[in-house]
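Trainee: here you go, sequence then predicted model.
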There are 2 protein chains.
Amino acid sequence: VDTVLSSAAKQAVIGPGQPFCIIGERINPTGRKAFGAELRAGDLSRVETDVAQQVAGGAMVLDVNMGAPLADEAELMGRAVRLIQGLTDLPLVIDSSIIEVLDAGLAAYEGKALVNSVTAEDDRLEAILPLVKKYGAAVIGLPNDEEEIPEDPARRVELARKLIDVATRQYGIPIEDIVIDPLAMPVGADTGHGIRTLETIARLRDEFGVNMTLGASNVSFGMPDRHAIGAAFLPVAISHGLTSAIMDARSPQIVRAVKAADLLLDRDPWGASWIAAHRAQQAAAQQAAAEQAAAAAARPSP
Amino acid sequence: VDTVLSSAAKQAVIGPGQPFCIIGERINPTGRKAFGAELRAGDLSRVETDVAQQVAGGAMVLDVNMGAPLADEAELMGRAVRLIQGLTDLPLVIDSSIIEVLDAGLAAYEGKALVNSVTAEDDRLEAILPLVKKYGAAVIGLPNDEEEIPEDPARRVELARKLIDVATRQYGIPIEDIVIDPLAMPVGADTGHGIRTLETIARLRDEFGVNMTLGASNVSFGMPDRHAIGAAFLPVAISHGLTSAIMDARSPQIVRAVKAADLLLDRDPWGASWIAAHRAQQAAAQQAAAEQAAAAAARPSP
């Protein structure tokens, strides 16, 4: 099944037969002190750079999170959505744990957004799914409940089943608008986390055929050389059934790994995208070299 | 099952629970004009550099191929094996399509070697398996016969079954000494080759639990940015059941990708190898910087 997101002018499709969907994770104050302080002061100017960098890096969808402590998150989310939709026509993910913030973001959004996220807890399902339905959005479902973030892939699949059942049967949200997060946890904390995530991905694919997304940076958290871990993890996860990830689109190594996975898994007809990206890279390098040479020639000799 | 190779002083273990076994592919004149000419002249001096580079890059086993046209391949193989065993204690793969060359290499070799390779053709099985048995070696089996290199994973599995049956029943070679090559072909020639190889790997694992190896560089042949393709392909193949590869151990990007796969698939307890490799890399970079600074300080100012 394909999950189709849209802005006013553009679609992004998440699906098993599609090129992997890169969701840029950058518009988020978590771990960014200066950005957090600016958001508290109502200043969104930094968002422009964030959007430009991710678009340049190859993001196909952008995640928007305004969760800075003490900031007026709902007001910021509405403004951020309008601002970003003026800067790019990529579809957006409205990312918050607060219902009012999701509502403000969805109200401001033009098109079909992806809501990040709802858990399998009853009160969360009851609060968030009506919003998803009202705005005709798609939604990311996290297979955890009030008691636990389950380790066992079988338990994650069970909670995903609950999420899917409630969303489809009680709220009439079509299964193609439900994107399950198989839960990626740091291998630095427990080296078994990787295979549990991969097993969950394969089971979710086999059982429900749903689209999936996860926070790819989590996997390498706390380890050195994080980009190399992400660049190995994503192709493996894609080969098991992952169809999108919220990830660092500014890392050429990770983005290139995702594109290589598209090529290797036969989602890049004739390798055309791979070859085109290589040529664009070469052309950019040549232009940079030419500019450098011109600048050196224009400089007075010492 | 574990395939245990050895030199006089050292073992290398290929197995699904082991760190991925990197077999260095470099000692081979294919595509190396100067090396080919030297081999024809009986000159093996270049091998020393090749060995050193691959050991430094992280090879655990070295493939040795002396197949230069018009060279005395059997004589060269015997000499090369003795020379290399004087340079390193890594176990070796004796690689040739000529029976006499395999015999010469195995006769010269101290320890338990891996023979590369036998196909599922009757005359090849009859000629090579007695040698494997005689020297107590392990062997790489290629699932193709006189008629075809099959595209269909099911047909590859069928030919692998024939290889395994003949080797174990008729020659008493234990299954742990049979390493099947699932056949990696260039995605640049056909973008379906990647998934056919991956499906073959998964089937061979599920059906026989055998160890596997393949020529990893084949996958990216003819495409730009080959190392990025190899660095994505190997982790995916490993997650499907590949336990070793004949690969370019001189590429840090590809070797690092393999180590990341070990970490992600829980074959690097506590991530100790990953962290140690990172520290060694940092230390090497620091030393290089210090040496550069010392050299600059010693230089007379202009």
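Mentor: Ah, there it is. Residues are numbered from 1 along each chain as shown, chains lettered A, B, ... in the order given.
Trainee: only C-alpha atoms from now on, for both contacts and neighbour counts.
Mentor: Fine.
Trainee: could you identify the longest helix within chain A?
Mentor: Longest helix in chain A by number of residues (criterion: DSSP state H): helix A:272-298.
Trainee: what sits against residue A:247?
Mentor: By Cα atoms under 8 Å, 6 or more residues apart in numbering or on different chains, the contact list for residue A:247 reads A:22-25, A:215-217.
Trainee: in strands, which of these fall?
Mentor: A:22-25 (DSSP state E).
Trainee: redo those residues as JSON lines? Include neighbour count.
Mentor: Formatted as JSON lines, the ones in strands among the contacts of residue A:247 follow (neighbours: other Cα atoms under 10 Å in any protein chain shown):
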{"residue": "A:22", "neighbour count": "26"}
{"residue": "A:23", "neighbour count": "26"}
{"residue": "A:24", "neighbour count": "27"}
{"residue": "A:25", "neighbour count": "24"}
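Trainee: re earlier: between the contacts of residue A:247, which sits nearest residue B:151?
Mentor: residue A:22 (31.6 Å; Cα to Cα).
Trainee: and the helix or strand where residue A:253 lies, what's buried?
Mentor: In the assignment (DSSP states H and E), residue A:253 maps to helix A:252-264. Neighbour-count burial for helix A:252-264, with 16 or more other Cα atoms under 10 Å in any protein chain shown as criterion, is recorded at A:253-264.
Trainee: who's in contact with it?
Mentor: Contacts for helix A:252-264 (Cα under 8 Å, 6+ apart): A:19-20, A:57-58, A:227-228, A:230-232, A:234-235, A:238-239, A:248-249, A:268-269, A:271, A:274, B:187, B:191-195, B:228-229, B:231-233.
Trainee: could you tell me the end-to-end distance of stretch A:257-277?
Mentor: 12 Å (Cα to Cα, to the nearest Å).
Trainee: mean confidence for that stretch?
Mentor: Model confidence over stretch A:257-277, given as mean pLDDT, is 97.
Trainee: can you check stretch A:158-168 too?
Mentor: Across stretch A:158-168, pLDDT averages out at 98.
Trainee: okay, buried residues for stretch A:90-107 please.
Mentor: Using 16+ other Cα under 10 Å as the test for burial, stretch A:90-107 gives A:90-96, A:100-106.
Trainee: how about the helices of the stretch 101-250 of chain A, start to end?
Mentor: Per DSSP state H, counting those that start in this stretch, the stretch 101-250 of chain A carries helices over the ranges A:122-135, A:153-165, A:193-208, A:226-240.
Trainee: could you say what helices and strands the last one packs with?
Mentor: Counting contacts by 3 or more Cα pairs under 8 Å, 6 or more residues apart in numbering or on different chains; DSSP states H and E, helix A:226-240 is packed against helix A:193-208, helix A:252-264, helix B:226-240, helix B:252-264.
Trainee: give me the contacts around it.
Mentor: Residues contacting helix A:226-240 (Cα under 8 Å, 6+ apart): A:20, A:198, A:201-202, A:205, A:216-217, A:219-220, A:251, A:253-258, A:260-261, A:265, B:231-233, B:235-236, B:239, B:256-258, B:260-261, B:264.
Trainee: gap between residue A:56 and chain B?
Mentor: Using Cα to the nearest Cα, to the nearest Å, residue A:56 is found at 19 Å from chain B.
Trainee: residues in contact with the host helix or strand of that residue?
Mentor: Assigned by DSSP H and E, residue A:56 falls within helix A:46-57. With contacts defined as Cα under 8 Å, 6+ apart, helix A:46-57 is touched by A:24, A:26-27, A:35, A:62, A:84, A:87-88, A:249-252, A:255.
Trainee: and those residues, which of them are buried?
Mentor: The buried subset of those - by 16+ other Cα under 10 Å - is A:24, A:26-27, A:35, A:62, A:84, A:88, A:249-250, A:255.
Trainee: now the two most distant members of those.
Mentor: A:35 and A:255 (24.3 Å).
Trainee: tell me how many other residues crowd the residue in chain A that chain B sits nearest to.
Mentor: For chain A and chain B, the shortest gap (Cα to the nearest Cα) falls at residue A:236, measuring 4.5 Å. Residue A:236 has 27 neighbours, counted by other Cα atoms under 10 Å in any protein chain shown.
Trainee: now it: how far from residue A:276?
Mentor: Distance from residue A:236 to residue A:276, counting by Cα to Cα: 24 Å.
Trainee: residue contacts, the most centrally placed residue in chain A?
Mentor: Centroid check for chain A by Cα atoms, centre = their mean gives residue A:246 as the closest residue, at 2.4 Å. Shown in contact with residue A:246 (Cα under 8 Å, 6+ apart): A:22-25, A:63, A:213-216.
Trainee: cool, residue A:163 as well?
Mentor: By Cα under 8 Å, 6+ apart, the contact list for residue A:163 reads A:119-120, A:125, A:141, A:143.
Trainee: pull up the gap between it and residue A:284, please.
Mentor: 46 Å.
Trainee: please apply the same query to residue A:136.
Mentor: 40 Å.
Trainee: before I go, just wanted to say thanks for your time.
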